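Participant: Need coordinates for the following:
(chains A and B)
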Amino acid sequence: AQSVTQPDIHITVSEGASLELRCNYSYGATPYLFWYVQSPGQGLQLLLKYFSGDTLVQGIKGFEAEFKRSQSSFNLRKPSVHWSDAAEYFCAVGAMEYGNKLVFGAGTILRVKS
Amino acid sequence: EPEVTQTPSHQVTQMGQEVILRCVPISNHLYFYWYRQILGQKVEFLVSFYNNEISEKSEIFDDQFSVERPDGSNFTLKIRSTKLEDSAMYFCVSKAQRVGAGELFFGEGSRLTVL
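Facilitator: Below is the predicted model of the structure:
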């Protein structure tokens, strides 16, 4: 069965500092991987996704993520965080078979201090 | 940009009452889902729907839950007799492609509060 682990429940970074949010997945084959962002009381916005090909994927708002098969990881990075990036971030894994149901991690809450 | 719309945005109901959450998926999409998120917890899959029938459902999706697409546009989630633990944000999701890694488009969510 698919599973996703986001080891960090909360992360606080200073504005302008770099950011890395960790995500580890468990899945028997090559998964589809996603990062979503959620502001309080809002829906989920897709930041980026990995399906195949180049393991470094670029997303919106200056985010990127790198798929590392050997480590079963898909960490999200941003070189310089802005105060507006404060939100909760969810990593998700989808299977390749029929339906493509997503399994979400527990989320990481990002706080940005000025 | 096409979007998934959900109504109501927030509903408060008494325990034991029936609730219907409505969704208008993106037109020409083929796959539809409901996910829910209990406050402070992860987003959980409830059910997927394709070709007018349920294709997969989770353990959460028991006999109190049902889905239908009555008119080819709306996609509804019904909870027959709500419980306190049904309080959550419910997300409607649609996807264009039949199989593979098509993007899932999330609605803004319907917040259900059961008193």
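Participant: Which residues of chain B lie near chain A?
Facilitator: Listed as neighbours of chain A in chain B under the rule C-beta under 8 Å from any C-beta of the partner chain: B:31, B:33, B:35, B:41-45, B:48, B:50, B:55-56, B:91, B:95, B:99-104, B:106-109, B:111. Any C-beta I mention is one placed from the backbone N, CA and C, and that applies to glycine too.
Participant: Look up phi and psi at the residue most central in space within chain A.
Facilitator: With distances taken as C-alpha atoms, centre = their mean, A:W35 lies nearest the centre of chain A, 3.4 Å away. Here is the backbone geometry of A:W35 (degrees, to the nearest 10): phi -120, psi 130.
Participant: Can you name the residues that contact it?
Facilitator: A:21, A:23, A:46-49, A:59, A:63, A:65, A:74, A:76, A:89-92 (C-beta atoms under 8 Å, 6 or more residues apart in numbering or on different chains).
Participant: I'd like the distance from the closest residue to B:S58 other than its chain neighbours to A:K101, if you could.
Facilitator: Sequence neighbours aside, B:F45 is the residue nearest to B:S58 in space, at 5.2 Å (criterion: C-beta to C-beta, 6 or more residues apart in numbering or on different chains). To A:K101, B:F45 is 5 Å away according to C-beta to C-beta, to the nearest Å.
Participant: now do A:R22
Facilitator: In terms of C-beta to C-beta, A:R22 sits 23 Å off from A:K101.
Participant: out of the contacts of A:W35, who's nearest A:P7?
Facilitator: A:C23 (8.7 Å; C-beta to C-beta).
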